[in-house]
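[1] Predicted model, plus sequence, below.
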Amino acid sequence: MSQAVESRGVTVRVPGKINLELVVGPLREDGFHELATVFHTVGIYDHVTATPAATWSVQVSGQTAEGVPTGADNLALKAAKSLARRYGVEEAAALSIDKNIPVAGGMAGGSADAAAALVACEALWELQVSRDELEPLAARLGSDVPFLLHGGTAIGSGRGERLAPVLARGELHWVLWVSTGSGLSTPEVYAECDRLREAAGEPVPDPAPSGELIAALRTMDTSAVGAALRNDLQEAACSLYPVLEDVLEAGTSLGAQGAIVSGSGPTVAFLVGTQAQAIDLSVGLAARGPAGDIRRATGPVAGAQVVQSVAPAGPPTFTG
Ligand code: C5P
């Protein structure tokens, strides 16, 4: 991340998410599916810096920068502009994104940057708007954006934008398999899920979260959490990206206590009991699993947080 001291600027750190449970209900008339999901942030971060500028712009650097749009369709830029419109701000901002969350990976990287841009610009323009007040704006940008304003572990309903926190104590240790090839398009994975369901001819009930997962999270019983992981998009993601079956199999045979495709994929998340087991599994996967980037992360972590704020006069202040 650039540490250059601008005349005024705010840097926000934001994590990616996985879904511990993703129950997909019927397709709604607005093109979205009714969901019951359990969101969970993990410690893989993007940083978004907002500085005042004469015109709007966004630049992207970092490990996973490739393929991120830098034009008007960049979601962080849309977020900053929508905040300015909503609160009558006449300044523009230059956004700089340092990307580390996989792109098109099912970890809500674009939504994370949008949430970070809202928080960064809110601080830059000193709007005194709370996270809760930002939620409607966030929801219009994407179904996962409200969750990334808050982070932690939370139940999402509606299309994912209605949130209720989950009481979870302690940490979960994850090993992530990240595709080094192309990502998956979220609408295409939902469409494949619909197609597979139609072919199977089964009715699609209204979605509900399972009691098992919530109970397991309350006690942080890793093997019970692992057994309760569920993703209704997994079959569709595997159908579009068959190597995911081999990835899931490799991690499970190497001793993971849970294995799940993250959101619409293709990132795969493996749950283990300890940091030492995470190291063992990541070494085993790198040696014997299908080719991919192997990362380790713990969750839950906080959502979008200001980590650096540079005022016009005086030195930068660091928080977090
Ligand atoms: O809200 P977001 O922009 O992340 O959604 C991307 C796409 O994923 C939607 O256009 C839709 O095709 C699909 N989606 C869905 N049901 C949801 C969330 C997303 O069908 N609850």
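    On my side now, so go ahead.

[2] C-alpha from now on. contacts and neighbour counts both.
    Noted.

[3] Could you tell me how many residues sit around the residue nearest to Gly183 when sequence neighbours are not counted?
    Here the nearest residue to Gly183 in space, its sequence neighbours aside, is Ala104; by Cα to Cα, 6 or more residues apart in numbering that works out to 4.7 Å. A count of neighbours around Ala104, defined by other Cα atoms under 10 Å, yields 21.

[4] Kindly report the same for Ala287.
    With other Cα under 10 Å as criterion, Ala287 counts 10.

[5] Same question for Pro187.
    Count around Pro187 with other Cα under 10 Å applied: 12.

[6] So what would you say the end-to-end distance of stretch 259-273 is?
    Length of stretch 259-273, first residue to last, Cα to Cα, to the nearest Å: 13 Å.

[7] Report the mean confidence score over it.
    Across stretch 259-273, the average pLDDT comes to 98.

[8] quick one: that stretch to chain centroid distance?
    12 Å (Cα atoms, centre = their mean, to the nearest Å).

[9] By residue count, which strand of this structure is the longest?
    Looking across the chain with DSSP state E, the single longest strand is strand 33-53.

[10] right, quick check: it against the ligand, any contact?
    Yes. Contact of strand 33-53 with the ligand (Cα under 6 Å from any ligand atom) involves His33, Glu34, Leu35.

[11] Strand partners (parallel or antiparallel) of that strand?
    strand 9-27 (antiparallel), strand 92-98 (antiparallel), strand 153-158 (antiparallel) (DSSP bridges).

[12] Let me know which of these is tucked in deepest.
    strand 9-27 (a mean of 26; mean count of other Cα atoms under 10 Å).

[13] is that strand up against the ligand anywhere?
    No. Using Cα under 6 Å from any ligand atom, we find that strand 9-27 stays clear of the ligand, coming within 6.8 Å at best.

[14] CA-only coordinates of that strand, as PDB, when you get a sec.
    Below are the C-alpha coordinates for strand 9-27, written out as PDB (Å, rounded to 0.1, in the frame of the first residue of the first chain):
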ATOM      1  CA  GLY A   9      -6.900  11.500   2.800                       C
ATOM      2  CA  VAL A  10      -8.500   8.500   4.500                       C
ATOM      3  CA  THR A  11      -7.500   4.800   4.200                       C
ATOM      4  CA  VAL A  12     -10.000   2.100   5.100                       C
ATOM      5  CA  ARG A  13      -9.100  -1.600   5.600                       C
ATOM      6  CA  VAL A  14     -11.800  -4.000   4.600                       C
ATOM      7  CA  PRO A  15     -11.900  -7.900   4.700                       C
ATOM      8  CA  GLY A  16     -13.400 -10.500   2.400                       C
ATOM      9  CA  LYS A  17     -16.200 -12.800   3.400                       C
ATOM     10  CA  ILE A  18     -17.100 -16.400   3.100                       C
ATOM     11  CA  ASN A  19     -20.600 -17.800   3.600                       C
ATOM     12  CA  LEU A  20     -20.800 -20.500   6.300                       C
ATOM     13  CA  GLU A  21     -24.300 -21.300   5.100                       C
ATOM     14  CA  LEU A  22     -26.000 -20.100   1.900                       C
ATOM     15  CA  VAL A  23     -29.500 -21.400   1.500                       C
ATOM     16  CA  VAL A  24     -30.900 -20.200  -1.800                       C
ATOM     17  CA  GLY A  25     -34.700 -19.900  -2.100                       C
ATOM     18  CA  PRO A  26     -36.900 -19.200  -5.100                       C
ATOM     19  CA  LEU A  27     -36.000 -16.700  -7.800                       C
END
